[in-house]
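quick one, fold the following:
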Amino acid sequence: MRFPYLFARWWLLPLLPLVASAGVLAAPFTPTSDQQVLEVLPARAADPRMQALRELRAAAARQPHDANAAVRLARRYYAEVAAEGDPRYIGYAQAALAPWWALPEPPTPVRVMRAILLQFNHQFDAALADLGAAVQQDPRNGEAWAWQAAIHMVRADYPSARRACEQVAQLATPLIGAACFAHVDSHTGQAAAAVNSLQAALSKAPAAPPEEQLWALTRLGEIEERRGRPVEAAAAFQRALALGHADVYLLAAYADFLLDRGRAADVLVLLKDQARSDLLLLRLALAAKATNDPRGAAWRADLAARFEAARLRGDATHQKEESRFVLGVLGQAEPALVLARQNYAVQREPADARILLEAAVAARQPAAAEPVLQWMASSRIESVALQALARQLKGGQ
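Next up is the predicted model:
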C-alpha cells in the first residue's frame with residue numbers, strides 16, 4: 001500500500017481549531033435524515049475536494065452499516081480540517097462513526113479513526129489504547145504506528161516515538177520513514193543530522209507525492225528555524241508553499257516564521273481570506289497588532305468570542321492558542337502564564353514550551369517555567385529562540 005501521508009500532518013491537528021475539540025466531540029452533530037443539509041458552500045461547489053466529499057456522503061448514506069464507508073467519510077471530513085482549518089468537520093467525522101463509536105471492540109479501521117478523533121480532543125490515553133489494540137490486530141497497520149509516534153511526540157516521550165518510527169519506516173515510503181526519524185532527532189539534540197537526513201531523502205525522492213514532500217519540507221523549515229538558520233528555513237517553507245496544496249499547519253508555521261522576523265505585513269498578505277481557520281485567525285490578529293492594521297479590532301473580538309465559547313463548553317484544549325492571544329494581542333502576562341502552564345501539563349512540544357517561557361518572562365515569574373527548563377536539559381532540544389528566552393529568565397532572577 002502507499003503509506004498514508006495524512007498521518008504526518010494530522011498529528012499536529014490538536015493544535016488547530018479551538019472550537020473543534022471537547023465540546024464538539026462530546027456532542028457531535030448527527031443528521032436526522034439523508035436529505036438534511038450539513039453545510040452550504042456555493043463558492044466551492046466545483047471544488048474537487050467538495051465533489052469527493054459529496055460522493056462519500058452519498059456512499060455512506062447508501063450503506064449505513066458499512067464501517068469502511070463510514071471511515072472513508074470520516075477521513076475526508078478530517079482532511080478538510082487539515083486543509084481549511086474549519087472545525088465543524090470534526091463533529092461530522094465523529095457523527096459518521098456513530099454506530100460504532102461506543103463499541104469496546106469496533107472494526108480496526110474504525111478503531112484507528114476513533115483514536116485520531118480522540119487525540120484531537122487530547123484524550124491521549126484512550127487514543128493510545130485504541131492504537132495499541134489496532135497494531136495487535138494488524139502489526140502492519142502503518143497508520144496506527146504513525147499515530148502512536150505522533151502522540152508520543154506531543155507528550156515528549158521520545159523513546160516511544162522512536163520505537164513507533166521504527167515500525168513506520170518498515171511500512172512507509174523512504175521519505176516518510178526518514179521524516180519520522182528526523183522529527184524525533186530534531187527534538188533530541190540531533191538537529192543537524194535530522195536536517196541532513198531530510199535533505200538526502202528529499203533529493204532521492206523528486207517524484208514523491210506532493211503531500212509527502214509538503215510534510216517533509218515543513219518539518220525541514222521548522223528544524224532550520226529552530227537552529228537559527230532563517231535563510232534555509234525560508235527556502236524550505238517556500239518550496240512547500242510552491243507545491244500548491246492547501247495546508248493550514250504549513251501556513252501557520254510560515255506565518256510564525258515571518259512574525260518572528262518582523263514581517264507582520266507579509267503575514268497579512270499570506271493569510272488573506274483565511275480567517276475561517278481559528279489557527280490562522282490568531283496569526284492575523286498578531287500581525288494586525290504589530291502593524292496597527294484596522295482590521296485587528298474585529299479579529300481580536302472574533303477570537304475573544306471563540307475562546308469564550310470554548311470555555312462555556314468546558315473545552316480546555318485550546319490553552320496554548322489562547323495564551324498567545326492573551327499575551328501577544330491583549331498584553332496580559334499573568335493570565336497568559338496561567339493558560340500556558342495548564343497547556344504545558346498536557347502538551348510539551350517546542351511551541352508549547354515557547355509560550356510558557358514567553359509568559360513567564362513577561363510576568364517576571366521565572367519559577368513558573370522550571371518544567372520547560374528541565375525538558376530543555378533532558379531532551380537536548382536545539383532552539384535559538386528557547387535558549388534566548390531561557391537566558392532572559394535567568395537574567396531576570
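
which residues in the stretch 151-300 of the chain form helices?
158-171, 174-185, 191-204, 210-226, 230-242, 248-260, 264-270, 278-291, 296-312 (DSSP state H, counting those that start in this stretch).

let's have those helices in a markdown table, adding mean pLDDT and distance to residue 108.
Placement of C-beta: from N, CA and C, glycine included. As requested, the helices of the stretch 151-300 of the chain are exported to a markdown table (pLDDT from 0 to 100; distance: least, C-beta to C-beta, whole Å):
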| stretch | mean pLDDT | distance to residue 108 |
| --- | --- | --- |
| helix 158-171 | 97 | 15 |
| helix 174-185 | 96 | 21 |
| helix 191-204 | 98 | 29 |
| helix 210-226 | 96 | 23 |
| helix 230-242 | 98 | 32 |
| helix 248-260 | 96 | 27 |
| helix 264-270 | 98 | 40 |
| helix 278-291 | 96 | 31 |
| helix 296-312 | 94 | 32 |
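
so what does the helix or strand harbouring residue 55 touch, helix or strand wise?
Residue 55 is part of helix 48-62 when elements are defined by DSSP states H and E. Secondary-structure packing of helix 48-62 (3 or more C-beta pairs under 8 Å, 6 or more residues apart in numbering; DSSP states H and E): helix 67-84.

mind saving the C-alpha coords of the helix it packs on as CSV?
The C-alpha atoms that make up helix 67-84 are tabulated as CSV, following Å, rounded to 0.1, in the frame of the first residue of the first chain:
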residue,chain,number,x,y,z
ALA,A,67,-18.0,0.6,8.6
ASN,A,68,-15.5,1.1,5.8
ALA,A,69,-17.7,3.6,4.0
ALA,A,70,-18.2,5.5,7.3
VAL,A,71,-14.4,5.6,7.9
ARG,A,72,-13.8,6.9,4.4
LEU,A,73,-16.2,9.7,5.0
ALA,A,74,-14.8,10.5,8.4
ARG,A,75,-11.3,10.6,6.9
ARG,A,76,-12.5,13.0,4.3
TYR,A,77,-14.0,15.3,6.9
TYR,A,78,-10.8,15.2,8.9
ALA,A,79,-8.7,16.1,5.9
GLU,A,80,-10.8,19.2,5.5
VAL,A,81,-9.7,20.4,8.9
ALA,A,82,-6.1,20.0,7.8
ALA,A,83,-6.7,21.8,4.5
GLU,A,84,-9.1,24.6,5.7
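
show me what counts as buried in it.
67, 69-84 (16 or more other C-beta atoms under 10 Å).

next SSE after it?
Heading C-terminal from helix 67-84 (DSSP H and E), you reach helix 88-96.

related to what we said a few turns ago, so which of the helices of the stretch 151-300 of the chain is nearest residue 338?
helix 296-312 (12.9 Å; C-beta to C-beta).

for the closest one, the distance to its chain's centre please.
20 Å (C-alpha atoms, centre = their mean, to the nearest Å).

so what angle separates the directions of the helix or strand following that helix and helix 248-260?
Using DSSP H and E, the helix or strand that follows helix 296-312 towards the C-terminus is helix 319-328. Interaxial angle, helix 319-328 versus helix 248-260 (axes from the mean of the first three to the mean of the last three C-alpha atoms, to 10 degrees): 20 degrees.

and helix 319-328, how far from the chain's centre?
Using C-alpha atoms, centre = their mean, the offset of helix 319-328 from its chain centre is 16 Å.

name the helices or strands packed onto the helix or strand hosting residue 126?
Assigned by DSSP H and E, residue 126 falls within helix 124-137. Here helix 124-137 touches helix 108-120, helix 142-154, going by 3+ C-beta pairs under 8 Å, 6+ apart.

how far away from the center of its chain is the last one?
Mean-position distance between helix 142-154 and its chain equals 13 Å (C-alpha atoms, centre = their mean).

what's the pLDDT at residue 88?
Here the pLDDT value assigned to residue 88 is 78.

and what of the one 5 residues further on?
Residue-level confidence at residue 93 comes out at 95, pLDDT.

gap between it and residue 276?
Going from residue 93 to residue 276 by C-beta to C-beta, to the nearest Å gives 18 Å.

same drill for these two, tell me which one is more crowded.
residue 93 (29 against 13; other C-beta atoms under 10 Å).

identify the residues contacting that one.
By C-beta atoms under 8 Å, 6 or more residues apart in numbering, the contact set of residue 93 is 73-75, 77-78, 113, 117.

ok, these vs residue 205, which is closest?
Out of the contacts of residue 93, the member with the shortest distance to residue 205 (by C-beta to C-beta) is residue 75, at 24.1 Å.

setting aside sequence neighbours, what's the nearest residue to the closest one?
residue 113 (6.7 Å; C-beta to C-beta, 6 or more residues apart in numbering).

surely residue 194 is in contact with residue 179?
No. The pair residue 194 / residue 179 is not scored as a contact, 9.2 Å apart, by C-beta atoms under 8 Å.

what residues are up against the spatially closest residue to residue 260 that is not a sequence neighbour?
With sequence-adjacent residues excluded and distances taken as C-beta to C-beta, 6+ apart, residue 260 is closest to residue 385, at 7.2 Å. Listed by C-beta under 8 Å, 6+ apart, the contact partners of residue 385 are 226, 260, 354.

which of the helices or strands spans residue 385?
Counting by DSSP H and E, residue 385 is part of helix 384-395.

quick one: residues contacting residue 236.
217-218, 220-221, 224.

return stretch 238-253 as CSV; C-alpha atoms alone will do.
The C-alpha atoms that make up stretch 238-253 are tabulated as CSV, following Å, rounded to 0.1, in the frame of the first residue of the first chain:
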residue,chain,number,x,y,z
GLN,A,238,8.7,28.4,0.2
ARG,A,239,9.3,25.1,-1.5
ALA,A,240,6.4,23.6,0.5
LEU,A,241,4.1,26.5,-0.4
ALA,A,242,5.1,26.2,-4.1
LEU,A,243,3.6,22.7,-4.1
GLY,A,244,0.2,24.4,-4.1
HIS,A,245,-1.6,22.2,-1.6
ALA,A,246,-3.9,23.7,1.0
ASP,A,247,-2.5,23.1,4.4
VAL,A,248,-3.3,25.1,7.5
TYR,A,249,-0.4,23.9,9.5
LEU,A,250,2.1,24.9,6.8
LEU,A,251,0.6,28.4,6.6
ALA,A,252,0.7,28.8,10.4
ALA,A,253,4.3,27.6,10.7
